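Q: how does the following fold in three dimensions:
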Amino acid sequence: MLFIGLLSLSALWWWPVARDLAAVGTGYGAKALCSAVFISERDSAEVLETDLSDLPGIVTTHVNEGARTVTASVGPVTRTARYREGLGCTLALADIEEMSVERPAVNSDKTRDLMKVPADDPLRLALGPVLETAFSEPVHDWERGTRAIVVLHRGRIVAERYAPGFDADTPLPGWSMAKSVTNALAGIVLKRGKLALDDTVPGWTEAGDGREQVTVQHLLQMTSGLEFGEEHVFPLGDSLRMLFAEPDAAAFVRDLPMGAAPGTRWEYTSGTTNLLMWVLREALEPEADWLAFPREVLFEPLGMHSAVLEPDAYGTFLGSSFMFATARDWARFGQLYLQDGQWDGEQILPEGWVALTRQPAPHAPKGRYGAHFWLNRGDPETGERPWPKLPDDAYAALGYQGQEIVIVPSEELVAVRLGLSRPSEAWDRERFVGGVIELLR
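A: Numbering: from 1, shown residues only. Predicted structure coming up:
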């Protein structure tokens, strides 16, 4: 009897932990599979075998093509992700409105901005071996997993290649590259006069613990001082819980404690970005159609017709992690920054915004981070740079498992790489971009 009693107590103690683990696991499985099937239009079995091979075997999934939903379950714990046109997939952790965002036809004249050099162009031919290496696999037990590469030089495609099963029309996840898109949306909101860099977070005026001093610029530069665990391996950490178990990401972040005074500590966190996205939303409502905002002010002006930024159940875009676009459309985004925020004769971003973006954040090691972009500026005292083999003016939008847009103004270069690198170190940024630059010179 004593043994049975102890076993019962143990089960009761562990049940909340097991339930939370199941909630994150099923949320991850349902959301990731839903986006891959309904945005990227990939086969569910192939996605489960590759992208979701790390999903525990006890998690079962079901795709409902008619309802455009994906359900994942572990015992009594079930999560469902629902696809909505133009908005991608959202975990149904709260009531989700039946709505969509119209995407105009892809035959926009904006596509002329990405011209492709002829097949016999000397540079394109010379880049062939560099592409071959980028798609080959390492000799270790690592998986490079390159799926798409697009290289722009002076605004023209000089290199492009896709892995089997993927092509120029396949939207792929950028993961944390979405943070750099949040930078662009912040710039546009500021350009419209709805927000300023020194504005503080709504609702924190009387907080009294330092958070009342957190500004938009602190959020952009990741110096808010909020305590947030960015660990992606621990299933119950802040990052995975926020993305896959919480209906309102911004509310989850707003409730976190302060760990340092604003502006005194740099710490890269996804929670900061989702809080910033909520601040943008608050600045615009009720004057704008929030869910259509990214498409109207950024994606369509750039001709990024494939782009999908996905919201949480409360309608705030998860700008930390959830955006899909084709490699060419990711390249368009990089080209916007190379052109100092201008596109087709229009100033999309505020004048000086790109310069602010490339200004090293206070306390960022090696001058490695600006405003939601990674930098190669180097330590102001030692000159040590994160990517020693690349020019010091290089900067990048980077995402989990080797997603990246590398921008090198001195070389008039934008290089996009998308894939599934395990670990992320299996992708060698310096070798690839450095090889391209060597040929350009």
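Q: whichever strand or helix holds Arg328 packs against which elements?
A: Take DSSP states H and E as the rule and Arg328 turns out to sit in helix 327-338. Contact analysis of helix 327-338 by 3 or more C-beta pairs under 8 Å, 6 or more residues apart in numbering; DSSP states H and E lists strand 146-153, strand 156-162, helix 177-191, helix 300-302, strand 342-343, strand 403-408, strand 413-419 as its packing neighbours. The way it works is simple: take the backbone N, C-alpha and C, and place the C-beta from them, glycine included.
Q: put the alpha carbons of the first one into CSV.
A: Yep, that's strand 146-153 we're talking about. Taking C-alpha atoms only, strand 146-153 is exported to CSV below (Å, rounded to 0.1, in the frame of the first residue of the first chain):
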residue,chain,number,x,y,z
THR,A,146,20.7,23.5,-48.2
ARG,A,147,17.3,23.9,-50.0
ALA,A,148,17.5,27.3,-51.8
ILE,A,149,20.1,29.9,-52.7
VAL,A,150,19.6,33.2,-54.5
VAL,A,151,22.5,35.7,-55.0
LEU,A,152,21.9,39.2,-56.2
HIS,A,153,24.6,41.4,-57.5
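Q: got the domain boundaries for the protein?
A: 2-91, 148-440 (automatic domain parsing).
Q: of all those domains, which one is nearest Trp142?
A: Of all the domains of the chain, domain 148-440 sits nearest to Trp142, with 3.8 Å by C-beta to C-beta.
Q: end to end, how far does that closest one reach?
A: The first residue of domain 148-440 is 20 Å away from its last residue (C-alpha to C-alpha, to the nearest Å).
Q: look up phi and psi at Ile58.
A: Phi and psi for Ile58, reported as degrees, to the nearest 10, are phi -80, psi -10.
Q: adding distance to Thr264 and mean pLDDT, write the helices and strands packed on helix 327-338 out as JSON lines.
A: Formatted as JSON lines, the helices and strands packed on helix 327-338 follow (distance: least, C-beta to C-beta, whole Å; pLDDT from 0 to 100):
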{"stretch": "strand 146-153", "distance to Thr264": "39", "mean pLDDT": "98"}
{"stretch": "strand 156-162", "distance to Thr264": "43", "mean pLDDT": "97"}
{"stretch": "helix 177-191", "distance to Thr264": "22", "mean pLDDT": "98"}
{"stretch": "helix 300-302", "distance to Thr264": "36", "mean pLDDT": "96"}
{"stretch": "strand 342-343", "distance to Thr264": "35", "mean pLDDT": "96"}
{"stretch": "strand 403-408", "distance to Thr264": "29", "mean pLDDT": "98"}
{"stretch": "strand 413-419", "distance to Thr264": "34", "mean pLDDT": "98"}
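Q: out of those, which is closest to Pro247?
A: So among these, helix 177-191 is nearest, using C-beta to C-beta, at 19.1 Å.
Q: distance from the chain centre to that closest one, please.
A: 12 Å (C-alpha atoms, centre = their mean, to the nearest Å).
Q: for it, enumerate the helices and strands it packs against.
A: helix 216-220, helix 270-284, helix 293-294, strand 323-325, helix 327-338, helix 353-357, strand 395-399, strand 403-408.
Q: now the ones you listed in a markdown table, with distance to Gly315?
A: Listed next are those as a markdown table, based on distance: least, C-beta to C-beta, whole Å:
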| stretch | distance to Gly315 |
| --- | --- |
| helix 216-220 | 19 |
| helix 270-284 | 8 |
| helix 293-294 | 11 |
| strand 323-325 | 16 |
| helix 327-338 | 23 |
| helix 353-357 | 26 |
| strand 395-399 | 23 |
| strand 403-408 | 25 |
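Q: most tightly surrounded among these?
A: Most buried of those by mean neighbour count (mean count of other C-beta atoms under 10 Å) is strand 323-325; its value is a mean of 28.
Q: mind putting the helices and strands packed on helix 327-338 into JSON lines with distance to Asp43?
A: What follows is these, written out as JSON lines (distance: least, C-beta to C-beta, whole Å):
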{"stretch": "strand 146-153", "distance to Asp43": "15"}
{"stretch": "strand 156-162", "distance to Asp43": "16"}
{"stretch": "helix 177-191", "distance to Asp43": "24"}
{"stretch": "helix 300-302", "distance to Asp43": "30"}
{"stretch": "strand 342-343", "distance to Asp43": "35"}
{"stretch": "strand 403-408", "distance to Asp43": "21"}
{"stretch": "strand 413-419", "distance to Asp43": "18"}
